[in-house]
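*Asks:* build me a structure from this.
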Amino acid sequence: MIGESVLFSVFLIFTGAAVLATVALFARQSLLVAYIVLGVLAGPSVAGLVTDPYLIADLAHIGIIFLLFLLGLDLSPRKLLGQMREAVGVTLISSVIFALLGYAVAAAAGLSRIDCLLVGMASTLSSTIIGLKLLPTTVLHHRHTGEVIISILLLQDLLAVGALLLLDTLAVGSIPWLRVGLEFAGLPILFVGGLLAERLVLRPLFRRFDKVSEYVFLLSLGWCLGFAQLAQSLSLSYEIGAFIGGITLANSPIALFIAESLRPLRDFFLVMFFFALGAGFDVAGAAVIWPGALALALGVLLIKPVTYRALLKKFGESNVLAGEAGVRLGQMSEFSLLLVAVALQAQAMSQEAANLVQLATLITFVLSSAFVVLRYPSPIALSERLRRD
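*Replies:* Residues are numbered from 1 along each chain as shown. Prediction:
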């Protein structure tokens with residue numbers, strides 16, 4: 001059947017993504033919205049052009065591995081400590097507030113306690129991709145705003161990685177506490193071994209052959225995927241392994257070059273990931289849960305900016321910066337969608353709860369992106385003045 005052809009699926013994804021991305025840019029929307037909407041339209045719930053979204057999800061899984069690897073590359077120990085000192089208070093306090101919001105909405109929708117906890121967990125996060133893509137990079141007076149936003153997003157991403165590790169222990173057929181013990185024993189082994197290997201093996205190779213960019217690309221790719229596979233062998237997940245592999249490379253002299261080299265490859269697979277999320281979206285199920293999803297989305301859009309503004313002011317930031325940072329962080333996250341996908345795979349979350357989170361996340365993506373580009377400087381702002389600023 002043509003819908004099950006890998007070649008046809010890749011054609012559909014990237015040709016369709018190019019068309020809808022153009023529409024999204026004219027509408028001043030995040031490209032993530034275009035990829036998810038394309039998945040919904042082409043998936044089994046609507047047109048049925050792709051009848052097996054799990055085929056694409058397997059490829060998309062690689063995109064998440066690269067995403068976490070590059071996240072780790074940005075987290076050198078020294079930088080991480082500096083970011084924690086600046087934003088840990090805001091991040092932890094706000095996470096508790098947003099988790100309670102998500103839990104309350106899920107409970108009102110009649111979901112189970114485990115579902116409520118997972119919805120609360122997904123509600124704590126803001127979108128790293130939207131936050132960074134809509135942040136101006138050329139204006140000096142926005143530099144500190146960017147530092148504040150990025151520090152909060154990095155800490156939230158660390159919390160998300162911890163949540164992924166926790167969800168990985170809930171896999172069906174495992175003994176949770178035994179699995180937790182094995183995973184936490186594997187973490188220091190993987191981390192310390194990676195630091196030693198980077199210092200003794202990888203760094204000398206980079207120094208000798210750093211002018212051969214193709215070799216650097218291949219070695220970095222092998223390091224990322226090798227750590228992912230090694231983590232799996234130690235009862236950890238591929239994603240956790242890639243994240244630790246990135247951290248071990250963060251102090252490398254060419255970490256920035258590695259990050260830039262792998263970014264296009266990551267984006268290629270991430271398009272597939274967000275398409276697969278849309279293709280797996282249950283439109284009929286969303287029609288049942290839409291009141292709860294709308295309530296969660298509106299709660300996030302209203303409460304997150306106010307909460308961040310109050311907390312940032314309390315921690316000494318100016319009124320203007322606190323207000324802008326709050327609005328830019330006022331949505332749910334692609335990690336919310338990833339947590340749902342992992343929870344479903346571990347059979348720890350009901351499909352109804354997953355539909356609620358997915359629909360609420362999509363609503364916040366659309367409305368938050370639109371509000372940011374209307375009001376604040378961004379690369380796709382509506383006015384020429386905001387694009388310059």
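
*Asks:* show me where the stretch 151-300 of the chain has helices.
*Replies:* 176-197, 203-209, 213-233, 238-249, 255-279, 283-314 (DSSP state H, counting those that start in this stretch).

*Asks:* and what of the stretch 1-150 of the chain?
*Replies:* Using DSSP H, counting those that start in this stretch, helices in the stretch 1-150 of the chain cover 6-26, 31-42, 53-73, 77-108, 113-123, 128-133, 143-168.

*Asks:* now distance to Leu374 and mean neighbour count too, for these, in JSON lines please.
*Replies:* Heads up, the C-betas are built off the backbone N, CA and C, glycines and all. Output for the helices of the stretch 1-150 of the chain, formatted as JSON lines (distance: least, C-beta to C-beta, whole Å; neighbours: other C-beta atoms under 10 Å):
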{"stretch": "helix 6-26", "distance to Leu374": "14", "mean neighbour count": "16"}
{"stretch": "helix 31-42", "distance to Leu374": "16", "mean neighbour count": "24"}
{"stretch": "helix 53-73", "distance to Leu374": "28", "mean neighbour count": "21"}
{"stretch": "helix 77-108", "distance to Leu374": "24", "mean neighbour count": "17"}
{"stretch": "helix 113-123", "distance to Leu374": "24", "mean neighbour count": "23"}
{"stretch": "helix 128-133", "distance to Leu374": "14", "mean neighbour count": "20"}
{"stretch": "helix 143-168", "distance to Leu374": "17", "mean neighbour count": "19"}
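
*Asks:* worst average pLDDT in those?
*Replies:* Lowest mean pLDDT within the helices of the stretch 1-150 of the chain: helix 53-73, at a mean of 72.

*Asks:* Lys314 is nearest to which of the helices of the stretch 1-150 of the chain?
*Replies:* Proximity to Lys314 (C-beta to C-beta) singles out helix 77-108 among these, at 8.4 Å.

*Asks:* thought Leu164 was touching Val342?
*Replies:* Yes: between Leu164 and Val342 there is a contact under C-beta atoms under 8 Å: 5.9 Å.

*Asks:* any weak-confidence spans in the stretch 151-300 of the chain?
*Replies:* Across the stretch 151-300 of the chain, the ranges flagged by pLDDT under 70 are 165, 168-186, 235.

*Asks:* ramachandran coordinates for Leu329?
*Replies:* phi -100, psi 10 (degrees, to the nearest 10).

*Asks:* again, but for Ala47
*Replies:* According to degrees, to the nearest 10, Ala47 has phi -80, psi -20.

*Asks:* hang on, the earlier thing: the helices of the stretch 1-150 of the chain: which one's closest to Gly285?
*Replies:* Closest among the helices of the stretch 1-150 of the chain, once you apply C-beta to C-beta, is helix 31-42, at 12.2 Å.

*Asks:* show me what that closest one is packed against.
*Replies:* helix 6-26, helix 128-133, helix 255-279, helix 351-375 (3 or more C-beta pairs under 8 Å, 6 or more residues apart in numbering; DSSP states H and E).

*Asks:* could the ones you listed be laid out in CSV, adding distance to Phe69?
*Replies:* Converted to CSV, those look like this (distance: least, C-beta to C-beta, whole Å):
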stretch, distance to Phe69
helix 6-26, 22
helix 128-133, 14
helix 255-279, 7
helix 351-375, 23
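
*Asks:* what's the closest of these to Val192?
*Replies:* Closest among the helices and strands packed on helix 31-42, using C-beta to C-beta: helix 255-279, at 18.8 Å.

*Asks:* now do that closest one: which elements does it pack against?
*Replies:* Secondary elements touching helix 255-279 (3+ C-beta pairs under 8 Å, 6+ apart): helix 6-26, helix 31-42, helix 53-73, helix 213-233, helix 334-345.

*Asks:* take those and write them to JSON lines, including distance to Leu134.
*Replies:* Listed next are the helices and strands packed on helix 255-279 as JSON lines, based on distance: least, C-beta to C-beta, whole Å:
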{"stretch": "helix 6-26", "distance to Leu134": "12"}
{"stretch": "helix 31-42", "distance to Leu134": "11"}
{"stretch": "helix 53-73", "distance to Leu134": "18"}
{"stretch": "helix 213-233", "distance to Leu134": "27"}
{"stretch": "helix 334-345", "distance to Leu134": "14"}
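
*Asks:* quick one: closest of those to Thr128.
*Replies:* Across the helices and strands packed on helix 255-279, closest to Thr128 is helix 334-345 (C-beta to C-beta), at 7.1 Å.

*Asks:* circling back to that earlier point, compare the helices of the stretch 151-300 of the chain and give me the one nearest Ala27.
*Replies:* Nearest of the helices of the stretch 151-300 of the chain (C-beta to C-beta): helix 255-279, 16.9 Å.

*Asks:* by how many degrees do that closest one and helix 351-375 diverge?
*Replies:* Relative orientation of helix 255-279 versus helix 351-375 (axes from the mean of the first three to the mean of the last three C-alpha atoms, to 10 degrees): 120 degrees.
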